[in-house]
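Student: here is a sequence together with a model predicted from it:
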Amino acid sequence: MLNDFWVFILAVKDQWLSLLGSGMVAMIVFAIEHFRGRSIPWSIVLPIMLAGLLVACFLAWRCVYHQTQRQQRAIVDLREENSESRGDVKALRAQVDRLESEEARKTAAAVARLGERTQALADRPIRVTVTAPQEPRPKVTWTQEDVQSPPHEDAPHAVRVTVRADRTLVEPDLEIECNTAIAQADCDMPDFGYSGRGIRGTKFEFTASNPKLSPDQPWIFILSAKASISVIDVRLIWP
């Protein structure tokens with residue numbers, strides 16, 4: 001309290017000195033002394049000084065009062081801004097909570113769908129198809145040479161065909177194709193057994209049962225015809 005009183009005294013002093021030292025008071029005193037021709041007595045000066053003191057007290061009070069009013073208005077404005085800011089913060093917080101709840105629902109729904117798909121995949125039987133590597137098909141090679149003494153008089157032309165395979169074949173189906181119609185087909189091997197269609201025009205088709213065709217065991221045939229004959233192709237027949 002003493003501190004506040006001392007501040008008030010200092011404020012009154014500043015206001016009082018400002019009033020007494022102002023140019024208007026000095027001009028009034030100077031004018032009175034000039035027209036009267038003598039100094040103003042203290043009986044007049046003291047009331048003037050007291051009046052200035054009262055005015056200084058009022059001015060000091062008014063200054064503090066206005067300052068207090070400005071501070072109160074500033075406090076009210078700050079409170080209003082604070083309340084508005086709180087309202088904005090609450091609105092933003094509500095919006096954030098709503099967005100978080102929506103995202104949580106979406107995430108839960110996505111997790112549920114993923115779980116259903118995972119369960120469906122887990123319940124689905126897994127079929128694994130293992131394909132064994134296919135072995136390349138066997139190949140046959142052949143050579144031919146003319147027969148000087150054909151075995152059949154009604155077919156004066158003949159060719160000897162030697163057929164080999166790159167691996168052992170059991171009862172293969174074979175086809176020999178010539179450039180002209182085949183009249184007779186003879187096997188130049190002992191104990192050779194075969195079955196099949198036989199001669200069909202320029203082709204000789206058969207299924208051999210004995211012996212096996214292999215790289216070391218060739219098959220030898222003599223094909224006779226009424227015209228000059230030569231082999232065009234020898235191939236395996238696949239089902």
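Tutor: Good, I have the coordinates.
Student: for the chain, just list every one of the helices.
Tutor: 2-20, 23-36, 42-123 (DSSP state H).
Student: average pLDDT for the shortest one?
Tutor: Okay, so that is helix 23-36. For helix 23-36, mean pLDDT rounds to 61.
Student: equivalent analysis for stretch 108-118, please.
Tutor: 86.
Student: can I get the CA coordinates of that stretch in CSV?
Tutor: Taking Å, rounded to 0.1, in the frame of the first residue of the first chain, the C-alpha atoms of stretch 108-118 are listed here in CSV:
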residue,chain,number,x,y,z
ALA,A,108,-11.5,-52.1,-39.0
ALA,A,109,-13.6,-52.8,-42.0
ALA,A,110,-10.5,-53.2,-44.2
VAL,A,111,-8.9,-55.5,-41.6
ALA,A,112,-12.1,-57.6,-41.5
ARG,A,113,-12.3,-57.9,-45.3
LEU,A,114,-8.6,-58.9,-45.4
GLY,A,115,-9.2,-61.5,-42.7
GLU,A,116,-12.2,-62.9,-44.7
ARG,A,117,-10.1,-63.1,-47.8
THR,A,118,-7.2,-64.7,-46.0
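Student: list the buried ones in stretch 170-179?
Tutor: Neighbour-count burial for stretch 170-179 flags P172, D173, L174, E175, I176, C178 (criterion: 16 or more other C-beta atoms under 10 Å). Glycine gets a C-beta too; all of them are placed from N, C-alpha and C.
Student: got the end-to-end distance for it?
Tutor: 28 Å (C-alpha to C-alpha, to the nearest Å).
Student: contacting residues around it?
Tutor: Taking contacts as C-beta atoms under 8 Å, 6 or more residues apart in numbering, the residues outside stretch 170-179 that touch it are 138, 140, 142, 159, 161, 163, 165, 196, 202-209, 212-213, 219, 221, 223, 225, 229-239.
Student: ok, 6 Å please
Tutor: 202-205, 207, 209, 212-213, 229-237 (C-beta atoms under 6 Å, 6 or more residues apart in numbering).
Student: for ChimeraX, write the select line for the buried members of those.
Tutor: Selecting only the buried entries of the contacts of stretch 170-179 in ChimeraX, with 16+ other C-beta under 10 Å as the criterion:
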select :203,204,205,213,229,231,234,236
